[in-house]
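In: Sequence plus predicted model, see below.
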Amino acid sequence: MALIDPLAVEFTYIQIANHIEARIDVGEFKHKLPAERALAAEYGVAYQTLRRAMQVLRDRGRIITRQGRGTFVAPPART
């Protein structure tokens with residue numbers, strides 16, 4: 001796991017979003033992502049920080065969250 005630097009210029013939630021996106025790109029996450037609380041523990045951040053990172057990834061179109069089912073890697077965008 002990449003180190004998340006809370007003193008970096010880039011916000012912590014952006015660092016986490018970028019790292020999770022990189023993990024998606026290399027195929028570490030292919031379908032379903034781990035639970036948000038598990039990811040928050042993995043990154044050593046507050047749950048709300050992780051939730052904000054997930055919102056960034058939703059805004060980028062990289063993940064889809066379905067209430068009661070989980071968070072999934074979004075299919076590639078059609079061009």
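Out: Thanks, I have the structure now.
In: Please enumerate the strands of this protein.
Out: With DSSP state E as the criterion, the chain has strands at 63-66, 70-73.
In: Which one, of these, ends up nearest to R37?
Out: Among those, strand 70-73 comes nearest to R37, with 11.7 Å by Cβ to Cβ. Bear in mind the C-beta positions are built from the backbone N, C-alpha and C, glycine included.
In: Please list the residues outside the closest one that contact it.
Out: 24, 29-33, 35-36, 54, 62-66 (Cβ atoms under 8 Å, 6 or more residues apart in numbering).
In: ok so, going back, for the strands of the chain, state which one has the densest average packing.
Out: strand 70-73 (a mean of 16; mean count of other Cβ atoms under 10 Å).
In: Could you give the average pLDDT over it?
Out: Mean per-residue pLDDT for strand 70-73: 97.
In: Quick one: distance of it to the chain centre.
Out: Distance, stretch centre to chain centre, for strand 70-73: 10 Å (Cα atoms, centre = their mean, to the nearest Å).
In: mind checking how far the closest residue to V56 other than its chain neighbours is from R58?
Out: What sits nearest to V56 in space, not counting adjacent residues and going by Cβ to Cβ, 6 or more residues apart in numbering, is A17, at 4.0 Å. Distance check for A17 against R58: by Cβ to Cβ, to the nearest Å, it reads 10 Å.
In: Of the two, give the one with the bigger neighbour count.
Out: Per other Cβ atoms under 10 Å, whichever of A17 and R58 has more neighbours is A17, with 24 against 15.
In: Spit out the contact partners of that one.
Out: A53, M54, V56, L57, R60.
In: Isn't T49 up against P6?
Out: No: using Cβ atoms under 8 Å, T49 is not in contact with P6; the gap is 9.6 Å.
In: what's the overlap in contacts for those two?
Out: Joint contacts of T49 and P6 (Cβ under 8 Å, 6+ apart) are T12.
In: higher neighbour count, these two?
Out: It is T49, of T49 and P6, that has more neighbours when counted by other Cβ under 10 Å, with 19 against 10.
In: Switch the strands of the chain over to TSV; also include distance to V45.
Out: Formatted as TSV, the strands of the chain follow (distance: least, Cβ to Cβ, whole Å):
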stretch	distance to V45
strand 63-66	17
strand 70-73	16
